[in-house]
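Enquirer: need a 3D model of the following:
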Amino acid sequence: MKLLVNGSPQSGAYIAYLWKKAFDAFSIRKNHPKNALLLGIGGGTVVSFLSEYFPGISQTCVDIDSVIIDIAKRYFHIDTISNIHIVHSDGKKYVDHLYKKKKKFDCIIIDLFIGRNIPSFVKDESFLKTIKTLLSPKGFVCINYLREKEYKSKSNILNAIVHTLFSETKDFEIANNRFFYCR
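Expert: Next up is the predicted model:
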């Protein structure tokens with residue numbers, strides 16, 4: 001089963017394939033995170049993927065769209081996955097909330113899409129600085145971004161920003177996507 005929004009895949013086997021390839025390219029399996037913050041739920045493909053990739057991981061999963069959350073629960077059964085906490089909130093506002101509470105995560109996944117659109121704050125330096133403060137000492141961030149049409153130049157801007165903020169960065173391009181790994 002897959003979820004499409006405005007004709008763009010948000011969940012399903014194709015999305016799982018992209019994430020697996022990115023995690024393999026970044027050798028993420030060796031990190032063994034205990035907890036994760038996931039911004040963007042879609043149909044829950046990444047939620048399921050993280051749960052299988054890192055058994056026992058605790059996930060805080062945030063999505064702005066209550067309809068998407070309902071679809072993820074009803075058709076993709078993400079609410080049956082162990083150790084997840086689903087939050088209906090704007091990702092940027094929730095990150096600010098977590099910052100004020102001084103929360104820390106071993107893994108932060110930024111997978112924010114509305115169809116083929118990515119919120120502009122994903123490539124804002126101030127947002128990414130706040131994300132960095134949420135990382136545990138050995139934590140990492142993985143960002144799924146597009147690299148087609150207007151997003152080609154935007155992904156280059158994002159690349160430059162993450163290189164200035166993080167001591168270790170890598171990127172991986174596959175299909176129309178560009179993944180960033182930062183620590």
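Enquirer: which strands and helices sit next to the top strand by length along the chain?
Expert: When the chain is parsed with DSSP state E, its longest strand is strand 135-146. Helices and strands touching strand 135-146, by 3 or more CB pairs under 8 Å, 6 or more residues apart in numbering; DSSP states H and E, are helix 13-25, strand 105-110, helix 151-165, strand 177-182. C-beta here means a position set from N, CA and C on the backbone, and glycine is covered the same way.
Enquirer: by how many degrees do the first one and strand 177-182 diverge?
Expert: I take that to be helix 13-25. Counting by axes from the mean of the first three to the mean of the last three CA atoms, to 10 degrees, helix 13-25 lies at 40 degrees to strand 177-182.
Enquirer: using CSV, write down the CA coordinates of the helix or strand following helix 13-25.
Expert: Using DSSP states H and E, the next helix or strand after helix 13-25 towards the C-terminus is strand 35-39. Extracted in CSV, the C-alpha atoms of strand 35-39 (Å, rounded to 0.1, in the frame of the first residue of the first chain):
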residue,chain,number,x,y,z
ASN,A,35,15.4,7.5,20.7
ALA,A,36,14.3,9.5,17.6
LEU,A,37,12.4,12.6,16.7
LEU,A,38,10.6,12.2,13.4
LEU,A,39,9.3,15.3,11.7
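Enquirer: could you give the angle of strand 35-39 to strand 135-146?
Expert: Using the same axes, to 10 degrees: strand 35-39 against strand 135-146 is 30 degrees.
Enquirer: which residues sit against the following helix or strand past strand 35-39?
Expert: For strand 35-39, the following helix or strand on the C-terminal side (DSSP H and E) is helix 45-53. If you take CB atoms under 8 Å, 6 or more residues apart in numbering as the criterion, helix 45-53 is touched by 11-12, 15-16, 19-20, 23, 28-29, 36, 38, 40-41, 57, 59, 61, 72, 76, 78, 81-84, 107, 109, 111.
Enquirer: and the closest residue to residue 175 other than its chain neighbours, how far from residue 172?
Expert: Nearest in space to residue 175, with sequence neighbours left out and distances taken as CB to CB, 6 or more residues apart in numbering, is residue 18 at 6.6 Å. Plainly put, residue 18 is 10 Å away from residue 172 if you go by CB to CB, to the nearest Å.
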